[in-house]
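A.B. asks: dropping the sequence and predicted coords here.
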Amino acid sequence: MSETKSLSRQRFKPEILLLVLLVLLSGCRSENRLAEITPEELLSHIKFLSDDAYEGRGLGSRGIELAANYQENYFKQFGLRPFFSGSYRQKFILTGLQPDFKATLEFIPAGKSSRPELPSPVLLEDFVVRSEREDCPPEVEAEVVYGGYLIQAPERNWDDIKGADLKGKVLLVEINEPGNYQGGIFDGEELTYYGRWTYKFEKATELGAAGVLIIHDNKGATYGWSVVRNSWAKESFFLPEKIRTLSFEGWVTETLATKMVTVAGMDLKTLRQQAETSDFQPRPLGIKVKIRQQPVFRQIGAENVAGWLPAAKPEGRDRYVIFSAHYDHLGLDPNLQGDQIYNGAVDNCSATACLLALAGYYSQLKEHLPVNLVFAGVTAEEQGLLGSDYLASHLPVPNSSVLAAINLEMVNVWGETEDVYAIGAKYSDLDDICRRAAENLGYSYGPEQGGNYGFFFRSDQLSFSRHGLPAVWLHEGLASRGKDKGLIVRKSEEYQKKYYHQVTDEVQPDWDLSGAVQLTRWAREIVELLAETKSLPAFKPESPFQRPEAASGQPVQNQ
């Protein structure tokens, strides 16, 4: 942009902005005819929520509180009921973790050794480390074991552990999964949850390990070391209610891992070849690691915001469909020159706009709703899906009454497409429902794209699925309507390079929000088909997720 902005730039007062918008929308919906969702309505929401006054909607900021107020007032204006015991807010606590920038990592060869010494690794350049234990020991020394991919997947007849006692060990492990190539074991290049770095930490916790070091490589991680370095150099957040036993967790560069294994008298390439086979067993390296760190913790409050509309028909009053969209973003960085605010217009004001517009649309149909509809603005997605995780684990309604969760994320702002797909639908009956809904509207329904990037595991639909609720992220397709079929792909790629998680993610003059309207139509058709289902949509037998009733062997039915 030709004009930069800073915190001193003149802004509109958010209270005035919201009042103006509500007056405009109320006028639009006061007519007798049913008011449809329009690009103009969506753009109004996006402009308001991505305005500098909201300061990038960072956790714990004034701006994110304004965004929460915006949604709550909107729900009130259109007659939605509070979803949380008389409140539109679901309050919870997050723990903030500031890593120690003086942390050290040392490798100690066992006994007398003629092996080459390893130069002291440099924090951020060679490794990153942190601990989510508030009682984190300032120093940890333990033996290192190479754990391969650290995967236990009985449904795939895969076990990297083989009964080994890894309690108190430091596990050096690979990112992703074995067979990370087209046609390979697991799902080839399609990432499963077993390949996620979060799974490695969870499995290590389950095994009683002292710590974990993940070996970074560009293909396996799908991003460069700079992404790891930058994200681990910032304050992170987590839900304190979850038990944490790892003394530390971290990443090392491929170069450092190679040196480590060489000091141990082994070859990383050979170990990796062994890790690609089902008969792999954990390999002690004969060296110890010593970690010193003193992270700093703090507590902050966070809030999900949700309203709901009750079903008009008796048979639908114990059946819910949840719409979700995260409203947080990256806040601001006063150290930047010029523009300091991460406005997040696409990520994720575009989706919040659709969420609010759908709530307003359905508020006109209160006398005809076939199921209960919940509209949830969730927070702390950028910090690891924390708001949706808390919501899914603290729902005020039984899990067995939820038909599905429909997540809205970074909605298409570049015009309609001829096709659509649903991220995560392949795990459940939602695949067929999403397909039929798309075809009813004349859209082609295609297979999920970008599986190698693990998009399903990087947005809020994952939280609902992990808590046993079928969930999808509705996504535009690959072919634009009109003469320029490749427009949507080019625009998406341009966004990833120039705007995603950058201060440049602002409203652009070339946007065409007919694509976002198209997505809301598809969402509405999905709701219609969900309402017609006689039983709860289920996860497929081979899915890594299952409803709690199915996992326990109980019949799956509505309460």
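C.D. replies: Alright, I've got the coordinates.
A.B. asks: pull out the buried positions in stretch 126-133.
C.D. replies: Across stretch 126-133, burial judged by 16 or more other Cβ atoms under 10 Å covers 126, 127, 128, 129, 130, 131, 132, 133. (Glycine included, C-beta is placed from N, CA and C.)
A.B. asks: make sure the fourth one is indeed in a strand.
C.D. replies: Yes - counting by DSSP: H, G, I helix; E, B strand; the rest coil, residue 129 is located in a strand.
A.B. asks: surely it meets residue 247?
C.D. replies: No - using Cβ atoms under 8 Å, residue 129 is not in contact with residue 247, being 10.1 Å away.
A.B. asks: what ranges do the strands span in the stretch 151-300 of the chain?
C.D. replies: Using DSSP state E, counting those that start in this stretch, the strands of the stretch 151-300 of the chain run over 152-153, 158-159, 170-174, 211-215, 236-238, 248-252, 283-292, 296-309.
A.B. asks: need the winner for burial among the ones you listed.
C.D. replies: Most buried of these by mean neighbour count (mean count of other Cβ atoms under 10 Å) is strand 170-174; its value is a mean of 27.
A.B. asks: that one vs strand 283-292, what angle?
C.D. replies: 110 degrees (axes from the mean of the first three to the mean of the last three Cα atoms, to 10 degrees).
A.B. asks: using PDB, write out every CA atom in strand 170-174.
C.D. replies: Extracted in PDB, the C-alpha atoms of strand 170-174 (Å, rounded to 0.1, in the frame of the first residue of the first chain):
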ATOM      1  CA  VAL A 170      14.900 -37.500  25.400                       C
ATOM      2  CA  LEU A 171      13.300 -38.600  22.100                       C
ATOM      3  CA  LEU A 172      14.900 -37.400  18.800                       C
ATOM      4  CA  VAL A 173      12.100 -37.900  16.200                       C
ATOM      5  CA  GLU A 174      11.100 -37.300  12.600                       C
END
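A.B. asks: pLDDT on that strand, on average?
C.D. replies: For strand 170-174, mean pLDDT rounds to 99.
A.B. asks: now the angle between strand 211-215 and it, please.
C.D. replies: 20 degrees.
A.B. asks: just the endpoints, please. Distance across stretch 181-189?
C.D. replies: 5 Å (Cα to Cα, to the nearest Å).
A.B. asks: what comes up buried for it?
C.D. replies: Under the neighbour-count criterion of 16+ other Cβ under 10 Å, stretch 181-189 has 186, 187, 189 buried.
A.B. asks: cool, stretch 398-413 as well?
C.D. replies: So, applying 16+ other Cβ under 10 Å, buried residues of stretch 398-413: 399-413.
A.B. asks: and which of the residues you listed is nearest residue 454?
C.D. replies: Checking the buried residues of stretch 398-413 against residue 454 with Cβ to Cβ, the nearest one is residue 409 at 13.8 Å.
A.B. asks: just the element for that closest one, please.
C.D. replies: Using DSSP states H and E, residue 409 is not contained in any helix or strand.
A.B. asks: check what pLDDT it gets.
C.D. replies: pLDDT, read off for residue 409, is 99.
A.B. asks: what does the one 3 residues further on give?
C.D. replies: What the model reports for residue 412 is a pLDDT of 98.
A.B. asks: what of residue 542?
C.D. replies: Residue 542 carries a pLDDT value of 86.
A.B. asks: coming back round to it: could you export the buried residues of stretch 181-189 as a markdown table, including distance to residue 83 and pLDDT?
C.D. replies: Below are those laid out as a markdown table (distance: Cβ to Cβ, whole Å; pLDDT from 0 to 100):
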| residue | distance to residue 83 | pLDDT |
| --- | --- | --- |
| 186 | 38 | 86 |
| 187 | 36 | 85 |
| 189 | 39 | 88 |
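A.B. asks: distance to residue 368 added to those residues, as a markdown table?
C.D. replies: Shown next, in a markdown table, are the buried residues of stretch 181-189 (distance: Cβ to Cβ, whole Å):
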| residue | distance to residue 368 |
| --- | --- |
| 186 | 45 |
| 187 | 42 |
| 189 | 45 |
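A.B. asks: circling back to that earlier point, common neighbours of residue 129 and residue 247, please.
C.D. replies: residue 291 (Cβ atoms under 8 Å, 6 or more residues apart in numbering).
A.B. asks: export the buried residues of stretch 126-133 as a markdown table, with columns for pLDDT.
C.D. replies: Output for these, formatted as a markdown table (pLDDT from 0 to 100):
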| residue | pLDDT |
| --- | --- |
| 126 | 98 |
| 127 | 98 |
| 128 | 99 |
| 129 | 98 |
| 130 | 98 |
| 131 | 98 |
| 132 | 97 |
| 133 | 96 |
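A.B. asks: skipping adjacent residues, who's closest to the residue positioned nearest the centre of the chain in space?
C.D. replies: Geometric centre of the chain, nearest residue: residue 459, 2.4 Å, by Cα atoms, centre = their mean. Closest residue to residue 459 apart from its sequence neighbours, by Cβ to Cβ, 6 or more residues apart in numbering: residue 409 at 4.6 Å.
A.B. asks: mind checking how far that neighbour is from residue 375?
C.D. replies: 15 Å (Cβ to Cβ, to the nearest Å).
A.B. asks: output the lowest mean pLDDT helix or strand found in the chain.
C.D. replies: One helix or strand of the chain scores below all others by mean pLDDT, DSSP states H and E: helix 14-28, with a mean of 52.
A.B. asks: could you point out the helix or strand that follows that one?
C.D. replies: Next along the chain after helix 14-28, taking DSSP H and E as the criterion, comes helix 39-49.
A.B. asks: so which elements touch that following helix?
C.D. replies: helix 14-28, helix 62-77, helix 351-363, helix 514-532 (3 or more Cβ pairs under 8 Å, 6 or more residues apart in numbering; DSSP states H and E).
A.B. asks: next, the angle from it to helix 514-532.
C.D. replies: 100 degrees.
A.B. asks: just the buried residues of helix 39-49, please?
C.D. replies: Under 16+ other Cβ under 10 Å, the buried positions of helix 39-49 are 41, 42, 43, 44, 45, 46, 47, 48, 49.
A.B. asks: any idea how far that helix is from the chain center?
C.D. replies: Helix 39-49 sits 23 Å away from the centroid of its parent chain (Cα atoms, centre = their mean, to the nearest Å).
A.B. asks: dump the residue contacts of residue 464.
C.D. replies: Residue 464 makes contact with 322, 324, 388, 392, 405, 407, 470, 471, according to Cβ under 8 Å, 6+ apart.
A.B. asks: make JSON lines out of those and add distance to residue 80.
C.D. replies: Formatted as JSON lines, these follow (distance: Cβ to Cβ, whole Å):
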{"residue": "322", "distance to residue 80": "13"}
{"residue": "324", "distance to residue 80": "15"}
{"residue": "388", "distance to residue 80": "19"}
{"residue": "392", "distance to residue 80": "20"}
{"residue": "405", "distance to residue 80": "17"}
{"residue": "407", "distance to residue 80": "19"}
{"residue": "470", "distance to residue 80": "23"}
{"residue": "471", "distance to residue 80": "21"}
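A.B. asks: out of those residues, grab the one that's most surrounded.
C.D. replies: residue 471 (32 neighbours; other Cβ atoms under 10 Å).
A.B. asks: tell me the contacts of that one?
C.D. replies: Neighbouring residues of residue 471 by Cβ under 8 Å, 6+ apart: 404, 405, 406, 407, 424, 430, 460, 461, 462, 463, 464, 465.
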